[in-house]
Every structure is written in structure tokens, then in C-alpha cells.
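Visitor: Generate a structure from the sequence data that follows.
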Amino acid sequence: MSLIIGGKSNCIYSELQKQEPNISKFCVMCDKQFKKADRVHQLVCNHLYHRGCLNERFGQNILNCVKRDCRQAIEIDPSADYNIELYHRFPEEAIAVLENRLSIGQAQIKLQQNGMDSGKAEEILKSVSKLKSGNKELTDLTRQCTKLENKSLHLGTKVKLGAAKIADLDAQLRNLNSRGLILTIILISTLYLGYYCITNK
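Guide: Prediction:
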């Protein structure tokens, strides 16, 4: 699922380059050349950003392309699985854990290789682990709510069908009552007419 409507988000630069060989080699925001493994965002206007550069822009609530002769508005998909605040808050290795691209152990090794203190790395990854667990619980709850909603809709349909049957039976009963009343009137009229004929002989 893409964070950016009409664009591409969180792509690996080398993979995007295979799809689009003529894409820019430089980030619009920092002017640095992309490395093959860099994660990038591509806007509707086709301008490319390092993920960190554009996420920093999101963190400042600026939702348009930084290029002066473009200024393309950036539309964020509200139903996307991405959380801008998380991308702004956590290092890329921690985000990779959230996206199931790295295990916690692999992320810890990478963070320490990049110069982060082991205690700090462990603290960040504990937070990510809790968040991931919370997201799973939330997903499970959402599924349960969806099941309950479907059951509720099914019951609602049954109630509507039951109400329709009751209305049909009520109409039939009224029809029978009307027929019974007519037959009663005919019977009384016949009896009265017979009595009249007998008494006037």
C-alpha cells in the first residue's frame, strides 16, 4: 500500500530504477546521489526523495514538493499502513522491523554497526517490539469487530425478512377478515330474506 496517493512510497532505489531507468539519481531535497539500497519516495510529479528527507518534511506538516518550479501537492492516503510520526521518530532499521524486513536481532546488529550504543539500540527495538505487538492486537480486534459487524448485518437481514413475513401474514389475515365480514353480511341478508318470505305468505 502506498503512503502517497498517485506516487510510490518506501521503494528501494535500485528496484525503482529497474522499472524506470531514466529516473533522477539525486534527491530533490538534499541533492545527494541515491545509493542502490536507499529507500525513496516518488511523488505524482515523479520527483524523488530520500525517505528520511520527505518524512522530515511530513513532520513539519509541509505537504508539497520542495522543487520551486513544481510545488506539487502531496496527498497522503489516510488508509495507508504507514504512520508518518513513526517514520520520523525511529531509525530506518527499526522501521524495517515494523515492516517485517528485518528481525530484531538483525536490526540491533545494523544499528550497532552504524555507531549506535548497544543500550540505546536495545531500548529503541524494545519500543518497536511493543508497538508491533500492539499493532497485531489492534489488527486482531479489528478482525473480530468485522466478524461481529457481519453477524449483525446477517441478523439484521433475518429480522427484515421476519418483519416482511409478519406484514404478509397480517395482510392475509385482513383479507380473510374482509371476506368473513362479506360472508356474514350475505348470510344475515339471506336469513332475513328467508324470514321475510315465510312471514308474508
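Visitor: Please count neighbours and contacts with C-alpha atoms only from this point.
Guide: OK.
Visitor: Please report the distance of residue 179 from residue 186.
Guide: Residue 179 is 11 Å from residue 186, where distance means Cα to Cα, to the nearest Å.
Visitor: show me where pLDDT drops low in the chain?
Guide: 1-4, 58-62, 76-90, 98-99, 134-146, 148, 152, 195-196, 200-201 (pLDDT under 70).
Visitor: what do you get if the cut-off is 80, keeping everything else the same?
Guide: The model of the chain has pLDDT under 80 over residues 1-6, 9-10, 52, 55-63, 74-102, 114-116, 128-164, 167-185, 187-201.
Visitor: biggest helix in it, by residue count?
Guide: Ordering each helix of the chain by length in residues (DSSP state H) puts helix 118-199 first.
Visitor: Remind me what it packs against, helices and strands.
Guide: Applying 3 or more Cα pairs under 8 Å, 6 or more residues apart in numbering; DSSP states H and E, we find helix 118-199 packed against helix 92-98, helix 104-113.
Visitor: Centre of the chain to the first one, how far?
Guide: Translated: helix 92-98. Per Cα atoms, centre = their mean, to the nearest Å, the displacement of helix 92-98 from the mean C-alpha position of its chain is 22 Å.
Visitor: cool, and stretch 34-54?
Guide: 25 Å.
Visitor: Now do the end-to-end distance for that stretch.
Guide: 14 Å.
Visitor: Show residues contacting that stretch.
Guide: 4-14, 24-30, 65, 70, 72, 74, 87-88 (Cα atoms under 8 Å, 6 or more residues apart in numbering).
Visitor: Got a ChimeraX select line for the buried ones in these?
Guide: In ChimeraX, this line selects whichever of these come out buried by 16 or more other Cα atoms under 10 Å:
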select :4,5,6,7,8,9,10,11,12,13,14,26,27,28,29,65,72,74,87,88
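Visitor: Which ones among the contacts of stretch 34-54 lie within strands?
Guide: Of those, the ones assigned to strands by DSSP state E are 8-12.
Visitor: To residue 197, which of the helices and strands packed on helix 118-199 lies closest?
Guide: Among the helices and strands packed on helix 118-199, the nearest to residue 197 by Cα to Cα is helix 92-98 (99.8 Å).
Visitor: Kindly format the C-alpha coordinates of that closest one as CSV.
Guide: C-alpha atoms of helix 92-98 as CSV (Å, rounded to 0.1, in the frame of the first residue of the first chain):
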residue,chain,number,x,y,z
GLU,A,92,15.4,3.0,9.3
GLU,A,93,16.5,-0.3,10.9
ALA,A,94,13.6,0.0,13.5
ILE,A,95,11.1,0.7,10.7
ALA,A,96,12.5,-2.4,8.9
VAL,A,97,11.4,-4.5,11.9
LEU,A,98,7.9,-3.0,11.8
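Visitor: Summarise which helices and strands it is packed against.
Guide: helix 104-113, helix 118-199.
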